[in-house]
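1. return a 3D structure for these sequence lines:
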Amino acid sequence: MAGKILIVDDEPVVIKSCERILSPEGYAVDTASNGREAIGKLGKNSFDLVITDIRMPDMDGIELLRWIRNSKPETGVVVITGYPSQESIKEALSLRILDYLPKPFSPALLVEVTQKAMECVKAGETAETPAEAYTEEAAKQLDSIIKKFRNRPGSLIPVLQEAQELIGYLPPSVQRHIARGLKLPVSEVHGVVSFYSFFTMKPKGKHNIRVCLGTACYVKGAEEIVKKLSERLSIDVGGITDDKKFSMETVRCLGACGLAPVVVVDKDTHGSINPVKVHELLTAYE
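-> The predicted structure is shown next:
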């Protein structure tokens, strides 16, 4: 079983759609039509992830989220909203949601967001831990970066790029700092970070490994490469080695299908990789 999920929404069509999409992915899915019903089920059962609408009658998603943080802090939460820039999404982010789904959302987006959220839950990342590199000195440098770009059109992306170079990744605390500095909704900053693949909310190792799981690479054994890398480095996908030398992630496509299966280490593309070549590949970066 891929994990236990509770879907909370007052619209039956949304509940049925989520259940229909996620059940074939291997998730055990239960449902609730409002926050109070969800609390009743959470009190009796253990769930890895709650996917909840924000706007619901009787008890809304924010109240439910506060209850979860106080009573079931280990449970991951993804919120659904038709208003991703409203004030409530800011509060949801401050309550450490893992991600959010803007209505209407596609089946592919639901599966992707759920998979990433479940990876975070299983890695014990439902509560934000301070970024080691986000020191007081780094915060001052971040203020300087924000000041440099503040009055320029399209300032958000260059600020995020330099912030990631400075700190190594973009945890929620850094996103909130940037949002305050640029006077933007936190949800807008989070949306940009989530959308662009070159931004990351997880720390990366000195050498970041990306394994392509696109169709061409998958057919040629990319999953076996992931398994071999996991065994060799003693980390799962999304993890980082204890010495912070390597981190590993998978991507949907790297645009190099003719070289399948493809592994990218930092900015170096390695084609026609097979499980036997994994040791040789890693040795070159050790």
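
2. pLDDT wise, what is residue 234 at?
-> pLDDT for residue 234: 92.

3. what's the offset of the longest helix seen in the chain from the middle of its chain?
-> Counting by DSSP state H, the longest helix found in the chain is helix 107-122. Distance of helix 107-122 from the chain centroid (Cα atoms, centre = their mean, to the nearest Å) equals 7 Å.

4. ok, now stretch 74-83?
-> In terms of Cα atoms, centre = their mean, the centre of stretch 74-83 is set 12 Å apart from its chain centre.

5. buried residues, it. List them.
-> 75, 76, 77, 78, 79, 80, 81 (16 or more other Cβ atoms under 10 Å). Yep, even glycine has a C-beta here, placed from its N, CA and C like the rest.

6. one more: stretch 246-254?
-> 246, 247, 248, 249, 250, 254.

7. can you list the domains in the chain?
-> With domains defined by automatic domain parsing, the chain comprises 3-122, 136-195, 207-283.

8. any chance of those in TSV, with distance to residue 201 too?
-> TSV is the format used below for the domains of the chain (distance: least, Cβ to Cβ, whole Å):
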stretch	distance to residue 201
domain 3-122	9
domain 136-195	6
domain 207-283	10
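
9. which one among the buried residues of stretch 246-254 gets closest to residue 222?
-> Nearest to residue 222 among the buried residues of stretch 246-254 is residue 250, at 8.1 Å by Cβ to Cβ.

10. on that earlier part again, now the two most distant members of the buried residues of stretch 246-254.
-> Counting by Cβ to Cβ, the most remote pair of these is 246 and 254, 18.1 Å apart.

11. which strands and helices sit next to the helix or strand hosting residue 229?
-> Residue 229 is part of helix 222-233, with elements assigned from DSSP states H and E. Counting contacts by 3 or more Cβ pairs under 8 Å, 6 or more residues apart in numbering; DSSP states H and E, helix 222-233 is packed against strand 207-212, strand 246-251, helix 278-283.

12. hmm, 6 Å instead?
-> Other helices and strands packing on helix 222-233, by 3 or more Cβ pairs under 6 Å, 6 or more residues apart in numbering; DSSP states H and E, are strand 207-212, helix 278-283.

13. quick check: end-to-end length of stretch 79-95?
-> Stretch 79-95 has an end-to-end distance of 11 Å (criterion: Cα to Cα, to the nearest Å).

14. returning to what we had before: tell me the buried residues in the helix holding residue 229?
-> Of the residues in helix 222-233, those buried (16+ other Cβ under 10 Å) are 222, 225, 226, 228, 229, 233.

15. dump these into CSV; add distance to residue 263 as well.
-> Formatted as CSV, those follow (distance: Cβ to Cβ, whole Å):
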residue, distance to residue 263
222, 9
225, 7
226, 9
228, 11
229, 8
233, 13
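
16. what is the neighbour count of the closest residue to residue 234 other than its chain neighbours?
-> Once flanking residues are discounted, residue 234 sits nearest to residue 241: 7.1 Å by Cβ to Cβ, 6 or more residues apart in numbering. When neighbours are counted by other Cβ atoms under 10 Å, residue 241 registers 15.

17. distance of residue 241 relative to residue 232?
-> From residue 241 over to residue 232 the distance is 10 Å, taken as Cβ to Cβ, to the nearest Å.

18. same check, this time on residue 49
-> Taken as Cβ to Cβ, the span from residue 49 to residue 232 is 29 Å.
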